[in-house]
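*Asks:* Mind folding the following:
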Amino acid sequence: MRNVVPIGRFSKVTRLSIKALRHYDELGLLCPALVDPDTGWRYYSLSQGREAEVIRLLREIDVPLTEIRELLADRDPVAVRKRLEAHRARVRADLRRRQRVVSALDRLISQEDPLMTYPVHARQRPAQPFISLRAITTQAELSDQAGRAFRRLFEHLDHAGVEPAGAPFARYHGEEFDPDRVEVEFAVPVREAVEPAADIETHELKAATVATTLHEGSYAHIGRAFEAVAAWIQERGHTALGPPEEIYLVHPVEVERPEDLRTEIAWPIR
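*Replies:* Alright, predicted model coming up:
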């Protein structure tokens with residue numbers, strides 16, 4: 001067994017744990033140069049140290065094992081660079097998401113009530129004409145879908161020479177929340193009649209009593225505001241009527257920081 005070393009020594013040389021080396025063997029990622037048929041002991045060639053170093057480096061930067069296998073199989077520098085660039089883009093996206101989580105934690109910690117209770121009250125809402133665009137999307141794509149829909153609605157109003165009569169809003173249809181199938185209606189209130197289009201309808205909100213609360217900050221945790229309104233409706237013996245609404249009092253086009261967003265949750269009741 002010349003030119004090979006036992007797994008323990010190879011572990012020390014490569015700074016990969018024995019557990020990791022066994023796992024990589026099972027995956028076919030880094031297999032021993034020799035396995036003793038009688039004892040099952042694994043032996044590695046020191047020439048495998050370079051491959052082990054590459055694996056350790058890639059794991060340190062959170063490259064998935066499946067991609068490491070592909071990177072090791074594809075030695076073309078251009079292809080490797082493209083794969084690493086794609087991984088960098090994912091890491092950056094994850095960093096942005098984690099930064100939003102940190103910001104949300106900072107806001108919670110700074111509040112007198114870290115659990116962010118939502119005061120709910122009832123108000124009268126007058127009848128209101130509006131134009132709308134309906135879509136079926138996913139929770140993950142909702143923000144992008146909203147941006148496209150509202151751009152389309154405002155372009156339609158601009159072409160018609162009509163000014164919005166208030167803050168844009170969204171109505172959520174469907175019997176239950178399904179993150180893979182969100183039925184949503186994006187809307188803009190108007191004061192005068194507007195000609196519809198192939199994708200844009202005209203409607204009127206009926207005058208109603210609504211249970212309402214204000215959500216401040218990112219949309220990431222806006223579900224808690226909906227939960228507070230739903231609980232208030234049930235506790236007071238009311239019945240929810242029609243789809244709940246998000247009214248974008250201060251929306252992303254107006255501010256740069258998510259913490260400056262202001263969204264009213266309104267749910268018609270009787």
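*Asks:* Tally up the residues packed near K19, please.
*Replies:* 9 (other C-beta atoms under 10 Å). Every C-beta, even on glycine, is put in place using the N, C-alpha and C of the backbone.
*Asks:* I meant to write A231 there.
*Replies:* 12.
*Asks:* Name the SS class of it, please.
*Replies:* helix (DSSP: H, G, I helix; E, B strand; the rest coil).
*Asks:* so who does it touch?
*Replies:* With contacts defined as C-beta atoms under 8 Å, 6 or more residues apart in numbering, A231 has no neighbours.
*Asks:* if you set the cut-off to 10 Å instead, what comes out?
*Replies:* Going by C-beta atoms under 10 Å, 6 or more residues apart in numbering, A231 touches 118, 120.
*Asks:* Tell me the pLDDT of it.
*Replies:* As predicted, A231 sits at a pLDDT of 90.
*Asks:* Confirm that A187 lies within a helix, as I assumed.
*Replies:* No: using three-state DSSP, the assignment for A187 is strand, not a helix.
*Asks:* List the contacts of it.
*Replies:* 128, 130-134, 149-150, 153, 168-171, 200-201, 203, 205, 245, 247.
*Asks:* what's the distance between it and Y248?
*Replies:* Separation of A187 from Y248 (C-beta to C-beta, to the nearest Å) stands at 10 Å.
*Asks:* swap in A79?
*Replies:* For A79, the distance to Y248 equals 44 Å [C-beta to C-beta].
*Asks:* Equivalent analysis for A127, please.
*Replies:* For A127 relative to Y248 (C-beta to C-beta), the value is 20 Å.
*Asks:* who's more crowded, those two?
*Replies:* More neighbours surround Y248 than the other of A127 and Y248, with 20 against 9 (other C-beta under 10 Å).
*Asks:* helix/strand/coil for the more buried one?
*Replies:* strand.
*Asks:* Show the contacting residues for it.
*Replies:* Here Y248 is in contact with 146, 150, 167-170, 186, 219, 254, 261-264 (C-beta under 10 Å, 6+ apart).
*Asks:* Now, the contacts of A187 that are in strands?
*Replies:* 128, 130-134, 169-171, 201, 203, 205, 245, 247 (DSSP state E).
*Asks:* Let's see if you can find the most crowded of those.
*Replies:* Neighbour-wise, the ones in strands among the contacts of A187 (other C-beta under 10 Å) top out at I131, 25 neighbours.
*Asks:* List the contacts of that residue.
*Replies:* By C-beta under 10 Å, 6+ apart, the neighbours of I131 are 153-154, 156-157, 160, 162, 164, 186-190, 193-197, 200-203.
*Asks:* For it, list each beta-bridge partner.
*Replies:* Beta-bridge pairing of I131 under DSSP bridges involves V188, T202.
*Asks:* Show the pLDDT at it.
*Replies:* Per the predicted model, pLDDT is 97 at I131.
*Asks:* can you check the one 4 residues further on too?
*Replies:* pLDDT recorded at A135 is 95.
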